[in-house]
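A.B. asks: Any chance you can model this:
(one chain, ligands or ions: 1)
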Amino acid sequence: MSKHPADSAAPAADWWRGAVIYQVYPRSFADSNGDGMGDLAGVRARLPHLQDLGVDAVWLSPFYASPQADAGYDVADYRAIDPVFGTLQDAEAVIRDAHALGLRIIVDLVPNHSSDQHDWFRRALAEGPGSPLRGRYHFRPGKGEHGELPPNDWESVFGGPAWTRVPDGEWYLHLFAPEQPDFNWDHPAVHDEFRSILRFWLDLGVDGFRVDVAHGLVKAAGLPDIGRRDQVKLLGNDTMPFFDQDGVHEIYRGWRQILTEYAGERILVAEAWTPTVERTALYVRPDELHQAFNFQYLGTYWDAAELRAVIDSSLAAMRPVGAPATWVLSNHDVTRHATRFANPPGLGTQLRTPGDRALGLRRARAATLLMLALPGSAYLYQGEELGLPDVTDLPDEVRQDPSFHRAHGQDGFRDGCRVPIPWTKDGPSYGFGTGGSWLPQPEGWGELSVQAQTGVPGSTLELYREALRVRRAQPGLGAGDALQWLDAPEGVLAFRREGFVCTANTTGAAVRIPVPGRALLASGDMEEADGDHVVLPADTTVWWAV
Ligand code: GLC
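C.D. replies: Alright, predicted model coming up:
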């Protein structure tokens, strides 16, 4: 086994700037005990797959003690593992084995809210109005003659009011589900607690944190009304009194300080939904977080002009702050890109229609090669290396996304990308585990499995492996903050990096282009060059050595 990169001769400095980071959604990755729910021992057993794949780091969605009202994003104890996922020893074993395989581990940190089963919240409830513990959350009396109306007009991201009334008459704020009360970040105890949680996991050896709802911690003073309904439509576009408030940055400066006390370049990654890439850049100033997800990129359709615009604006926004751009196509909150691109544009990221699956897969493969050729860090979501589509026809009664059960929320169809992934052609739950699977897997899932695709030339899995191999061998592919656009026919993106050209045809028709160099890798079938021209098939990306 190779050594942990931080221990090896290779300099660890800036490892994260061009890193390819693979998101594991533990409940759907691998189940070691046959209870139908993935777990840490399952993750540990499958780490060699991730090493083979060639990623640099693994981000694990929450595995902490939790009633699972929002699939673990409702944390009851930040220092304990939920029994469904295993034990603290299992977590330590994952970290240790990952390091031995040369993989870094990033864990999820959920600081905007806890579970309503968190000790603080339970005690705050029990102690009643006036309890000092209520000050760690946002408890308020209601409006109206008898306090029967919520304290303000804020709506939950998951739909419905952002306030719930407790039996003694007070209300508490929850920007997400009622089981996820928001912390009050004006309270020093909250600051102390999270600094201590950071140290707890840093001491255990994690290489970083993905900060959940990093844009939400600080609320505008006085919790002012917004004055209109359907606020979910404003999210990500407008300035909201509960999102992207300037006060959050002070918190991150404090956290960065803590990380610098630890060896090995540990990192903080923001899940920050902001109106613009420029606002996102503020989270990754040199003394704050290291990276932020690029949701503007994720929200862009398979369209050359739009992609070029978002690539340029992302690079331009990050350049002044010196942070790497990041790129992402899929995660546990959105319809997988193989299904988004199988459908027409303009439908958003919560889809229920399978669309044209073959088209979606072709575009998804092309989109991935494009993404992996861009300067900066790239995020992959488990199963995309298998070309998995979303499962769009899950029966309503099996759905667990809390937003599905609340009207008019932002999300709701997130179960479709959370179906446990197939490892083997057949067998119970296709190798996910020895028992069932907490969400039903569709028929034919085994044909998409790791086993079915391994060693098969042209399979999506082999495409990802080869792409990551080339990316490692091509020094600088993920490095830097610039690329040079080349002239290309309409609907085609072509750019140069050092010793390298990427061409992506986003149109539905083949295009003839001058041969840019020696073909390294193509997302679809390519014909031999004829003379000095080559045909770029529809919806295909090709990498060239030049
Ligand atoms: C983040 C998570 C999402 C979760 C929400 C509330 O957006 O990615 O899964 O539901 O935060 O914690």
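A.B. asks: For the spatially closest residue to Gly18 that is not a sequence neighbour, which residues are in contact?
C.D. replies: In space, and not counting its chain neighbours, Gly18 is closest to Gly478: 2.5 Å by C-beta to C-beta, 6 or more residues apart in numbering. (Glycine included, C-beta is placed from N, CA and C.) Listed by C-beta atoms under 8 Å, 6 or more residues apart in numbering, the contact partners of Gly478 are 17-20, 375-378, 471.
A.B. asks: any chance of the residues you listed in CSV, plus distance to Ser115?
C.D. replies: Converted to CSV, the contacts of Gly478 look like this (distance: C-beta to C-beta, whole Å):
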residue, distance to Ser115
Arg17, 35
Gly18, 36
Ala19, 31
Val20, 32
Pro375, 39
Gly376, 34
Ser377, 30
Ala378, 32
Arg471, 39
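A.B. asks: Let's see if you can find the most crowded of these.
C.D. replies: Ser377 (27 neighbours; other C-beta atoms under 10 Å).
A.B. asks: Would you mind confirming that that residue makes contact with Trp327?
C.D. replies: Yes: using C-beta atoms under 8 Å, Ser377 is in contact with Trp327, at 7.4 Å.
A.B. asks: And the pLDDT at the nearest residue to Ser66 once chain neighbours are set aside?
C.D. replies: Excluding the flanking residues, the one nearest Ser66 by C-beta to C-beta, 6+ apart is Gly72, at 4.8 Å. You'll see Gly72 listed with a pLDDT of 98.
A.B. asks: gap between Gly72 and Phe85?
C.D. replies: Going from Gly72 to Phe85 by C-beta to C-beta, to the nearest Å gives 8 Å.
A.B. asks: Would you point out which residue is most central in this structure?
C.D. replies: The residue lying closest to the centre of the chain (C-alpha atoms, centre = their mean) is Asn331, at 4.3 Å.
A.B. asks: residue contacts, that residue?
C.D. replies: By C-beta under 8 Å, 6+ apart, the contact set of Asn331 is 23, 293, 298, 379, 381, 417.
A.B. asks: From Pro167, how far out is the fourth one?
C.D. replies: Pointing back at Tyr379 there. 43 Å.
A.B. asks: Looking at those two, which one has more neighbours?
C.D. replies: Taking neighbours as other C-beta under 10 Å, Tyr379 and Pro167 compare with Tyr379 leading, 26 against 7.
A.B. asks: Around the ligand, which positions in the protein sit nearby?
C.D. replies: 70, 73, 110, 176, 212-213, 271, 332-333 (C-beta under 6 Å from any ligand atom).
A.B. asks: Now render those residues as JSON lines, adding neighbour count and secondary structure.
C.D. replies: Below are the residues of the chain next to the ligand laid out as JSON lines (neighbours: other C-beta atoms under 10 Å; DSSP: H, G, I helix; E, B strand; the rest coil):
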{"residue": "Asp70", "neighbour count": "24", "secondary structure": "coil"}
{"residue": "Tyr73", "neighbour count": "25", "secondary structure": "coil"}
{"residue": "Val110", "neighbour count": "27", "secondary structure": "coil"}
{"residue": "Phe176", "neighbour count": "27", "secondary structure": "coil"}
{"residue": "Asp212", "neighbour count": "19", "secondary structure": "coil"}
{"residue": "Val213", "neighbour count": "22", "secondary structure": "coil"}
{"residue": "Glu271", "neighbour count": "21", "secondary structure": "coil"}
{"residue": "His332", "neighbour count": "18", "secondary structure": "coil"}
{"residue": "Asp333", "neighbour count": "19", "secondary structure": "coil"}
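A.B. asks: Closest to the ligand out of those?
C.D. replies: The closest of the residues of the chain next to the ligand to the ligand turns out to be Tyr73 (C-beta to the nearest ligand atom; 3.3 Å).
A.B. asks: wouldn't Gly147 be in contact with Val166 here?
C.D. replies: No: the pair Gly147 / Val166 is not scored as a contact, 11.2 Å apart, by C-beta under 8 Å.
A.B. asks: What segments of the stretch 1-150 of the chain are helices?
C.D. replies: Using DSSP state H, counting those that start in this stretch, the helices assigned to the stretch 1-150 of the chain run over residues 40-53, 88-100, 119-127.
A.B. asks: just the stretch 251-400 of the chain next, same as before
C.D. replies: Using DSSP H, counting those that start in this stretch, helices in the stretch 251-400 of the chain cover 277-281, 295-298, 304-318, 337-340, 357-372.
A.B. asks: Kindly compare burial across these and name the winner.
C.D. replies: Stretch with highest mean neighbour count among the helices of the stretch 251-400 of the chain: helix 337-340 (a mean of 28; mean count of other C-beta atoms under 10 Å).
A.B. asks: And that helix, how far out from the chain middle?
C.D. replies: 15 Å (C-alpha atoms, centre = their mean, to the nearest Å).
A.B. asks: quick one: contacts of that helix?
C.D. replies: Here helix 337-340 makes contact (C-beta under 8 Å, 6+ apart) with 301, 329-330, 334, 347, 349, 351, 354-355, 357, 360-361, 363-364, 367-368, 384, 387-390, 392, 416.
A.B. asks: 7 Å instead?
C.D. replies: 329-330, 349, 351, 354-355, 360-361, 364, 367, 387-390, 392 (C-beta atoms under 7 Å, 6 or more residues apart in numbering).
A.B. asks: hang on, the earlier thing: now the helices of the stretch 251-400 of the chain in JSON lines, with mean pLDDT?
C.D. replies: Compiled in JSON lines, those are given as follows (pLDDT from 0 to 100):
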{"stretch": "helix 277-281", "mean pLDDT": "94"}
{"stretch": "helix 295-298", "mean pLDDT": "96"}
{"stretch": "helix 304-318", "mean pLDDT": "98"}
{"stretch": "helix 337-340", "mean pLDDT": "98"}
{"stretch": "helix 357-372", "mean pLDDT": "98"}
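A.B. asks: mind putting these in TSV, distance to Ala488 included?
C.D. replies: Shown next, in TSV, are those (distance: least, C-beta to C-beta, whole Å):
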stretch	distance to Ala488
helix 277-281	24
helix 295-298	20
helix 304-318	8
helix 337-340	22
helix 357-372	13
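A.B. asks: Glu462 sits in which helix or strand?
C.D. replies: Using DSSP states H and E, Glu462 falls within helix 460-473.
A.B. asks: ok, Gln350 - how many residues close by?
C.D. replies: Gln350: 21 neighbours (other C-beta under 10 Å).
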